[in-house]
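**Student:** How does the following fold in three dimensions:
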Amino acid sequence: MSGGTKSKAKRNPEKQGKDCNRTETDSMQERVEDGEQETTDSLHAGLNSISKQIQEFRSELKVELGTFKDKLKTQMKHELEEFKEDINQKITLTTQEIKEQNAKVETTLSRVEEMECWSSETDGLLQEFIQEHKKMIDKLTDLESRFRRNNLRIFGVPEDEEKGSVTQFVEELMRRELGIDADCQIQRVHRALAPKPKADQPPRAIVVNFLQYSMKEMVLSKAWSKKIITIGERRIFFDHDYPSAVVQQRKSYVKAKKILKEAGIRFQTPFTKIRVHWNNGVKTYNDAKEVEKDLRDRGY
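**Tutor:** Okay, here's the model as predicted:
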């Protein structure tokens, strides 16, 4: 039997090799499967650990977020309360300021109303005062004119021409130029009360005061009748001694008088007025602007 078995083995060597290889392969496969199982178990364990860590992290994060949320709510609530308190304080202050401003506005309006009433009353009084003031000025001018009614002025006499006594110079001038031999009854003679002018400026007028108004009028009449009176080569003029306000008023007619002279229209200047003899009648003006406007309207 043993011989038979050996011979059988000798007869199938390939089969025996295949069986051996299959056993080794199975063994290796088992080892591989065991390794794979170990790896799988390890991966599962790792994943479980990671999942556990993630759950723990989520729990911790949830707790921290809850804490942060509570802190944030508390902080925001505190800040909102402070902001609300600050706003309330500002609103209170603003309200108080508005009340104060309203009180000031009411006071101001009341004062404005009082001022308007006072202004209205004052305006009426002022108008009355202006009218009264004008009347007083007119009366003063009239009184001054009456005070000067015995005076006349001589314009154009060079400075220092009198060479000593002004009274004697005037008396000789009247005898020489106007042919007056009688006593002129001169009371005072002097240069106009102003600083002595420079050489290139017009000389001061000579003021002559007569005892009698009629004598002054006679002298003026003779001087105006002669028209041209000279001292050397300089022409001199005789006129009334007007107050300064009247002089300014008469000076305002200079432009109008020049136009009237060039146009050959007769005119007169009594005191503060100007009387123009138009072709259609005589018209008297109290203001230079009126006569100038009339001249423009008439084409002059």
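**Student:** quick one: average confidence on the strand or helix carrying M76?
**Tutor:** Using DSSP states H and E, M76 falls within helix 13-147. Averaging pLDDT along helix 13-147 yields 82.
**Student:** Which other helices and strands does that helix contact?
**Tutor:** With contacts taken as 3 or more C-beta pairs under 8 Å, 6 or more residues apart in numbering; DSSP states H and E, helix 13-147 sits against helix 244-251. The way it works is simple: take the backbone N, C-alpha and C, and place the C-beta from them, glycine included.
**Student:** So for the helix it packs on, what gets flagged as buried?
**Tutor:** V246, Q249, R250 (16 or more other C-beta atoms under 10 Å).
**Student:** What distance do you get for the residue nearest the centre of the chain to H190?
**Tutor:** The residue lying closest to the centre of the chain (C-alpha atoms, centre = their mean) is V112, at 23.0 Å. From V112 across to H190, the span is 58 Å (C-beta to C-beta, to the nearest Å).
**Student:** go on, M215?
**Tutor:** 18 Å.
**Student:** Looking at these two, which one has more neighbours?
**Tutor:** M215 (18 against 12; other C-beta atoms under 10 Å).
**Student:** per-residue pLDDT, that one?
**Tutor:** 93.
**Student:** From here on, call the first residue 530.
**Tutor:** With 530 as the first residue, the last one maps to M744.
**Student:** correct me, but it touches Q714?
**Tutor:** Yes: the criterion here is C-beta atoms under 8 Å, and M744 meets it with Q714 at 5.5 Å.
**Student:** Quick one: residues contacting K727.
**Tutor:** Contacts for K727 (C-beta atoms under 8 Å, 6 or more residues apart in numbering) come out as none.
**Student:** Three-state assignment for it, please.
**Tutor:** For K727, the assignment made with DSSP: H, G, I helix; E, B strand; the rest coil gives coil.
**Student:** Equivalent analysis for the one 4 residues further on, please.
**Tutor:** Reducing the assignment at P731 to three states with three-state DSSP gives coil.
**Student:** From T798, how far out is R804?
**Tutor:** Taken as C-beta to C-beta, the span from R804 to T798 is 7 Å.
**Student:** Give me the contacts around stretch 762-780.
**Tutor:** Contacts of stretch 762-780 (C-beta under 8 Å, 6+ apart): 666, 670, 673-674, 677, 680-687, 736, 748-749, 752-753, 757-759, 798, 800-801.
**Student:** try 6 Å this time
**Tutor:** Residues outside stretch 762-780 that contact it (C-beta atoms under 6 Å, 6 or more residues apart in numbering) are 670, 673-674, 677, 680-686, 736, 749, 752, 758, 801.
**Student:** which of those residues count as buried?
**Tutor:** Neighbour-count burial (16+ other C-beta under 10 Å) is assigned, among these, to 670, 673-674, 677, 680-683, 685-686, 736, 752, 758, 801.
**Student:** Out of those residues, which sit inside helices?
**Tutor:** T670, E673, S674, A752 (DSSP state H).
**Student:** between the residues you listed, which is closest to E589?
**Tutor:** Relative to E589, the closest of those is T670; by C-beta to C-beta it sits at 111.3 Å.
**Student:** how far away is the closest one from R733?
**Tutor:** 22 Å.
**Student:** now F684
**Tutor:** Distance from F684 to R733, by C-beta to C-beta: 9 Å.
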